[in-house]
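Enquirer: need a structure here:
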Amino acid sequence: MNENNPLVLVVDPDPIHQELLDGMLEEHMTVLLAGSAKECLEIFNFKHPDLVILETNIPDMDGYKLCQKLKASSGETGCAIIFLAEAMSLEEKMVGYRHGCDDFIVKPFQPEELLTKALRTLEIKNVQKKIIQDSSDAMHTALTAMKHSSDMGLILRFMESNAKCHDFEDLGYCLNYCVNFLCRAVCYLKPMAGIYLWGARMTPATPCSWLCVSIKKNL
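Expert: Residues are numbered from 1 along each chain as shown. Sure, this is the predicted structure:
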């Protein structure tokens, strides 16, 4: 999302309402207009807006179902959706929340209310995306550190043992231990690591590291 110029899709079958909403928002964001569910879906799938302001009463599809479709196709973090409607009961609002909407604007409303809710909803959605991205980055960093520390630990243990070897028999024993350890490691599969290997067993285990992969290629 471009925080300085977010992309907003307004869905309302009334051209006059479209013009009014466009005028209220155009100074702060780029506004796209749609008059039907079909037109909304076409624009949404092509432009991927950051926010959809959706009239609940549209002619070719129930507004709640359209909201659900938009949420389902907008990915992990989802597109922010604000329902635009006449006076609504608590039950109707709960239905809207269950279908994925983020907020409501009840007609009639002032331009300041529309703009404030739109900007606040976009800000919340941006924070959610950042949290998810930071979490993903932290997990990747942790897995990489774990794999590399395991590799380096094995190498250091071999070097320490090698330094204590008194003859070729001791050196052979040390090498045999390391090779056996790596051969057992490459017999396992870890889909989460993104590397697929096969061996004696197809059982998830610890992530295959670069050292294991290198040994596997040269066995």
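
Enquirer: the bottom helix or strand of this structure by mean pLDDT?
Expert: Across the helices and strands of the chain, mean confidence by mean pLDDT, DSSP states H and E is lowest for helix 210-218: a mean of 53.

Enquirer: and the strands in this structure?
Expert: 7-11, 30-34, 51-55, 57-58, 61-62, 80-85, 103-106 (DSSP state E).

Enquirer: ok, which of those strands comes nearest T141?
Expert: Judged by Cβ to Cβ, the one of the strands of the chain that comes nearest to T141 is strand 80-85, at 28.9 Å. (Each C-beta comes from the backbone N, C-alpha and C, glycine too.)

Enquirer: okay, now the sheet partners of the closest one, with direction.
Expert: Strand 80-85 pairs in its sheet with strand 51-55 (parallel), strand 103-106 (parallel), by DSSP bridges.

Enquirer: please identify the most buried of these.
Expert: strand 51-55 (a mean of 25; mean count of other Cβ atoms under 10 Å).

Enquirer: mean confidence for that strand?
Expert: Taken as a whole, strand 51-55 carries a mean pLDDT of 93.

Enquirer: which residues does it contact?
Expert: 6-14, 17, 21, 29, 40, 44, 63, 66-67, 70, 79-85, 101, 105, 114, 118, 121-122, 125 (Cβ atoms under 8 Å, 6 or more residues apart in numbering).

Enquirer: of these, grab the buried ones for ChimeraX.
Expert: Per 16 or more other Cβ atoms under 10 Å, the buried members of these correspond to this ChimeraX selection:
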select :6,7,8,9,10,11,12,13,17,21,29,40,44,63,66,67,70,79,80,81,82,83,84,85,101,105,114,118,121,122,125
